[in-house]
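>>> Sequence and predicted structure below; questions after.
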Amino acid sequence: MKLKGKTALITGAASGIGRGIAEAFAKEGSSLMLNYFGKEKEAVELQKDLTSTYDIDVQIIEADVSNEEQVKHMVDTAVHHFNKIDVLVNSAGILTQKLFKDMDTKTWDQMLQVNLRGPFLCSRYVIPYMIDQQFGRIINISSQLGQIGGVELTHYSAAKAGVIGFTKSLAREVGRDGITVNCIAPGPIETELIEGLDNEWKQNKKKELALPKFGTPEEVAPSAVLLASDPDGNLFTGQTLGPNSGDVML
């Protein structure tokens, strides 16, 4: 019960890595505000599963993380219900595949709106509450492609590299307020996002990995638990953890 007494807001919690982190946090005793967008059925089912399994308060809320008004409403709703937000996990994201020479501006802008503007907006509206309580943990989900790049994924790689830079800079700003800001940059993970990539890309990527397999959300979630926990995560800030099957070695 490493997170007992804590409250976490997790974006993109209805599926993929966000869902895996929600399940791991629930197991550790955290109260949860779970964000979803367009996946109400999955969010409701997750809420029922977690509340029936664990003695915790789980709320769900729909919001487009690229929409400032909706993000503000989501954060205010979470604070009104729980009186605090101890942990923010920015997990909501999208993934599309296109050669750069064929990429239109709309595709580029949409990727950055969700994958980079989203973490900015959520952090922007959570940070004042964390400063007031002089405690907070922000965990941003990036990607190893933000470190090494990827063919047909320039827009995705650029957004995820931005998340890493954002993480480091924000960590330096708010550390004196008792807030840590860290990043998890997974390798390819078996989620709906990866299913959208073509088989040739996935086969080639798997051959490049030191551990020639894609991970699962359950294998990423423990990194988030570590960063959110006390004392486990107390000295981590501005860091990028890499559960990436050896695709990046630092």
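Cool, got the structure. Numbers count the residues shown, from 1 in each chain.

>>> Identify each buried residue in whichever strand or helix holds residue 111, please.
Per DSSP states H and E: residue 111 is located in helix 105-112. For helix 105-112, a neighbour-count test (16 or more other CB atoms under 10 Å) marks 108, 111, 112 as buried. Quick note: C-beta positions are derived from backbone N, CA and C, even for glycine.

>>> tell me the pLDDT at the last one?
Confidence per residue is given as pLDDT, and for residue 112 that number is 98.

>>> Please enumerate residues in contact with the helix holding residue 111?
Residues outside helix 105-112 that contact it (CB atoms under 8 Å, 6 or more residues apart in numbering): 94, 96, 98, 155, 156, 158, 159, 162.

>>> cool, stretch 167-180 as well?
Stretch 167-180 is contacted by residues 123, 127, 130-131, 133-138, 140, 142, 181-183, 227, 233-234, 236-238, 240 when judged by CB under 8 Å, 6+ apart.

>>> Now, the contacts of helix 105-112 that are in helices?
155, 156, 158, 159, 162 (DSSP state H).

>>> Give me the buried entries from the contacts of stretch 167-180.
Buried members of those, scored by 16+ other CB under 10 Å, are 123, 127, 130, 135-138, 140, 142, 181-183, 227, 233, 236-238, 240.

>>> residue ranges for the helices of the chain, please.
Secondary structure of the chain, counting by DSSP H: helices at 16-27, 40-53, 68-82, 105-112, 118-133, 145-148, 154-174, 192-195, 199-208, 217-228.

>>> With respect to burial, which of those scores highest?
Stretch with highest mean neighbour count among those: helix 16-27 (a mean of 25; mean count of other CB atoms under 10 Å).

>>> Just the angle for that helix relative to helix 217-228, thanks.
Taking axes from the mean of the first three to the mean of the last three CA atoms, to 10 degrees, helix 16-27 and helix 217-228 form an angle of 60 degrees between their directions.

>>> Check the offset of helix 16-27 from the chain's centre.
Distance, stretch centre to chain centre, for helix 16-27: 10 Å (CA atoms, centre = their mean, to the nearest Å).

>>> can you dump the C-alpha coordinates of it into PDB?
What follows is helix 16-27, C-alpha atoms only, in PDB (Å, rounded to 0.1, in the frame of the first residue of the first chain):
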ATOM      1  CA  GLY A  16      -3.000   1.200 -22.600                       C
ATOM      2  CA  ILE A  17      -0.300   2.400 -20.300                       C
ATOM      3  CA  GLY A  18      -2.700   4.800 -18.500                       C
ATOM      4  CA  ARG A  19      -5.000   1.900 -17.600                       C
ATOM      5  CA  GLY A  20      -2.000  -0.200 -16.500                       C
ATOM      6  CA  ILE A  21      -0.900   2.700 -14.200                       C
ATOM      7  CA  ALA A  22      -4.400   3.200 -12.900                       C
ATOM      8  CA  GLU A  23      -4.600  -0.500 -11.900                       C
ATOM      9  CA  ALA A  24      -1.200  -0.400 -10.300                       C
ATOM     10  CA  PHE A  25      -2.000   2.700  -8.300                       C
ATOM     11  CA  ALA A  26      -5.300   1.200  -7.100                       C
ATOM     12  CA  LYS A  27      -3.500  -1.900  -5.900                       C
END
